[in-house]
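Participant: Sequence and predicted structure below; questions after.
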Amino acid sequence: MMQPKYEYNLPEELFKTIEEEFGGNIIAEKYLESKDISVFEEWGKNLMEKTYELGTKPEFVDHTYEMIKFVDDETGEGRFPHEAQRFIEIACLSIHLISVLLIQTAYNKELSFSIVEGSCTVHNKLKEGLSEDELKTLPCKGGCLTTWKTIFNILKMDDVEVSQTQEIPRDGMCTFLALKK
């Protein structure tokens, strides 16, 4: 059997490693036990740092990432949004056990993506232990925002602002927006 010239798929081991340490059920349980909202921010920062650390290891570098780096080296363009998007997708696919992340926009000034109600393992687990009023406050929001801000900090993209434009309790999905100034 002939081996493909380029590897476009990331090994399942990458996703499993992240999920085992940072899975949505794990952090939601921790919050339900403590009711300490700060656990989400620490989790978000650590999740993205680990995702970046693993995602840049040679055994987890795929041809897509090689091309993102190549284009940036050749043109000085392409890191935003594509390099950050790669790590955001790895993190989301790992902790939510989903196969696709809903990317809304991805071009040189904007990246936006959504996590739809029902596919967020954190929110699903929180539903089991919080009242409807508590759930409406979306205690996990700070964790997600910290996660996304962390990748832009790691990549030294200081000119990117991250915000949340939609929330599951109100809109049926959490949508995050990264704008390059």
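Facilitator: Yes, it's here. Numbers count the residues shown, from 1 in each chain.

Participant: only C-alpha atoms for contact and neighbour calcs from this point on.
Facilitator: Will do.

Participant: ok, residue 122 touching residue 32?
Facilitator: No. With contact defined as C-alpha atoms under 8 Å, residue 122 does not reach residue 32; the gap is 10.8 Å.

Participant: higher neighbour count, those two?
Facilitator: Using other C-alpha atoms under 10 Å as the criterion, residue 122 and residue 32 rank with residue 122 on top: 20 against 15.

Participant: who touches the more buried one in this structure?
Facilitator: 24, 25, 27, 28, 96, 140 (C-alpha atoms under 8 Å, 6 or more residues apart in numbering).

Participant: can you tell me the helix or strand for the fourth one?
Facilitator: If I follow you right, that is residue 28. Residue 28 is located in helix 24-34, with elements delineated by DSSP states H and E.

Participant: Just the buried positions in that helix, please.
Facilitator: 24, 25, 26, 27, 28, 29, 31 (16 or more other C-alpha atoms under 10 Å).

Participant: Could you check how far it is from the centre of its chain?
Facilitator: 18 Å (C-alpha atoms, centre = their mean, to the nearest Å).

Participant: tell me which residues of the helix or strand just after that helix are tucked away?
Facilitator: Per DSSP H and E, the first helix or strand lying C-terminal to helix 24-34 is helix 38-55. Within helix 38-55, the residues that count as buried by 16+ other C-alpha under 10 Å are 39-41, 43-52, 54-55.

Participant: In this protein, what helix or strand scores lowest on average pLDDT?
Facilitator: Least confident helix or strand of the chain, by mean pLDDT, DSSP states H and E, is helix 63-75 with a mean of 93.

Participant: continuing past that helix, what's the next helix or strand?
Facilitator: Next element after helix 63-75 (DSSP H and E): helix 84-96.

Participant: tilt between the helix or strand just after that following helix and helix 84-96?
Facilitator: Downstream of helix 84-96, the first helix or strand assigned by DSSP H and E is strand 102-107. With axes from the mean of the first three to the mean of the last three C-alpha atoms, to 10 degrees defining the directions, strand 102-107 sits at 170 degrees from helix 84-96.

Participant: What score does residue 46 have for pLDDT?
Facilitator: Looking at residue 46, its pLDDT reads 98.

Participant: just to revisit the earlier point, can you pick out the most distant pair from the contacts of residue 122?
Facilitator: 96 and 140 (13.6 Å; C-alpha to C-alpha).

Participant: which residue sits closest to the residue most central in space within the chain, ignoring its sequence neighbours?
Facilitator: When C-alpha atoms, centre = their mean is applied to the chain, the residue found nearest the centroid is residue 88 (3.4 Å). By the measure of C-alpha to C-alpha, 6 or more residues apart in numbering, the closest residue to residue 88 outside its immediate chain neighbours is residue 148, 7.0 Å from it.
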